[in-house]
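[1] Dropping the sequence and predicted coords here.
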Amino acid sequence: MYQHRNQHGDLIALPVGKVVCVGRNYLDHIRELNNDVPDEPLLFMKPAGALCDVSEPLHIPVGQGPCHNELEVAVLIGKRLTKADTTAAAEGIHSVGLALDLTLRDVQSQLKAKGQPWERAKAFDRACPVSGFVAREEIDQLNDLAFSLIVNTALRQQGNTNMMMRDTLSLLCAISEVFTLEPGDIVLTGTPKGVGPLEAGDTLTLNMPPWLNIQTRVGYK
Ligand code: ZN
């Protein structure tokens, strides 16, 4: 069973909750998929069952077309947030890590074309591998966090939270207008450009220097 851990592997004493995800928060990624710029945050959720530890081999669903990487900064919530202002949102952040918002791209495109919800493409079991989380106090600049994904030997995604159209605190405020965020919930803050298919046997390196440098691989199906 998945449990939250810090970057050293120690358990974090928070329950495991839902994952709230933000779509289209980086302009370069909106452009690569020819999507429109949203006037309010595009939100969707993954259930707790989608969570798993990113350092364990990743599982990709069989026979459903390409499964894309979307590397995102993940925020672990420590205090309940309902209609939060930025001060409350800042106090509500327990820690920060990285997540993969695994996405069955063809399934998502078909759902989008029919105007249907995205859960079949994004909320399946193990669709949300997450890293260990770094305590908020250890991170000086939440809005200047660099992160990257290397697949095999090629740099596939490189982002910085300073490229977000809405920063982390305004996202938490906007989300908590709609859903109460509970301690133990995780918020995924969107992906920069560089999404692409993952194949069985691929080796992935997730970086958020100087805190996280994680190697993992895509397990055989
Ligand atoms: Zn995403």
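    Right, received. Where do you want to start?
[2] Which elements pack onto the helix or strand residue 45 falls within?
    In this assignment (DSSP states H and E), residue 45 forms part of strand 42-46. Secondary-structure packing of strand 42-46 (3 or more CB pairs under 8 Å, 6 or more residues apart in numbering; DSSP states H and E): strand 19-23, helix 119-122. Where C-beta positions appear, they are placed from N, C-alpha and C, glycine not excepted.
[3] which stretch among the ones you listed comes nearest residue 69?
    Proximity to residue 69 (CB to CB) singles out helix 119-122 among these, at 12.6 Å.
[4] Give me the mean pLDDT for stretch 111-130.
    Stretch 111-130 comes out with an average pLDDT of 97.
[5] Can you name the residues of the chain that neighbour the ion?
    70, 101, 191 (CB under 5 Å from the ion).
[6] how about 6 Å then?
    Residues of the chain lying close to the ion by CB under 6 Å from the ion are 21, 23, 70, 72, 101, 188, 190, 191.
[7] returning to that earlier point: what pairs with the strand holding residue 45, and is each one parallel or antiparallel?
    Looking at strand 42-46 with DSSP bridges, its partner strands are strand 19-23 (antiparallel).
[8] which residues are in contact with the strand it pairs with?
    Under the contact criterion CB atoms under 8 Å, 6 or more residues apart in numbering, strand 19-23 has outside partners 38, 41-48, 50-51, 72, 99, 101, 122, 128, 166, 171, 175, 179, 181, 185-190.
[9] next one: it to chain centre, how far?
    7 Å (CA atoms, centre = their mean, to the nearest Å).
[10] do stretch 191-206 as well
    Worked out by CA atoms, centre = their mean, stretch 191-206 lies 13 Å from the chain centre.
[11] likewise stretch 144-160?
    Distance, centroid of stretch 144-160 to centroid of chain: 14 Å (CA atoms, centre = their mean).
[12] Buried ones in that stretch, by neighbour count?
    145, 147, 148, 149, 150, 151, 156, 157, 158, 159 (16 or more other CB atoms under 10 Å).
[13] which residues sit in contact with the second one?
    Going back to what we said before, that points to residue 147. Contacts of residue 147 by CB under 8 Å, 6+ apart are 71, 73, 98, 157, 158, 159, 160, 161, 206, 207, 208.
[14] Let's see which of these end up in strands.
    71, 73, 98, 157, 158, 159, 160, 206, 207, 208 (DSSP state E).
[15] JSON lines please, covering the residues you listed and showing pLDDT.
    Output for the ones in strands among the contacts of residue 147, formatted as JSON lines (pLDDT from 0 to 100):
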{"residue": "71", "pLDDT": "98"}
{"residue": "73", "pLDDT": "98"}
{"residue": "98", "pLDDT": "98"}
{"residue": "157", "pLDDT": "97"}
{"residue": "158", "pLDDT": "97"}
{"residue": "159", "pLDDT": "96"}
{"residue": "160", "pLDDT": "97"}
{"residue": "206", "pLDDT": "98"}
{"residue": "207", "pLDDT": "98"}
{"residue": "208", "pLDDT": "98"}
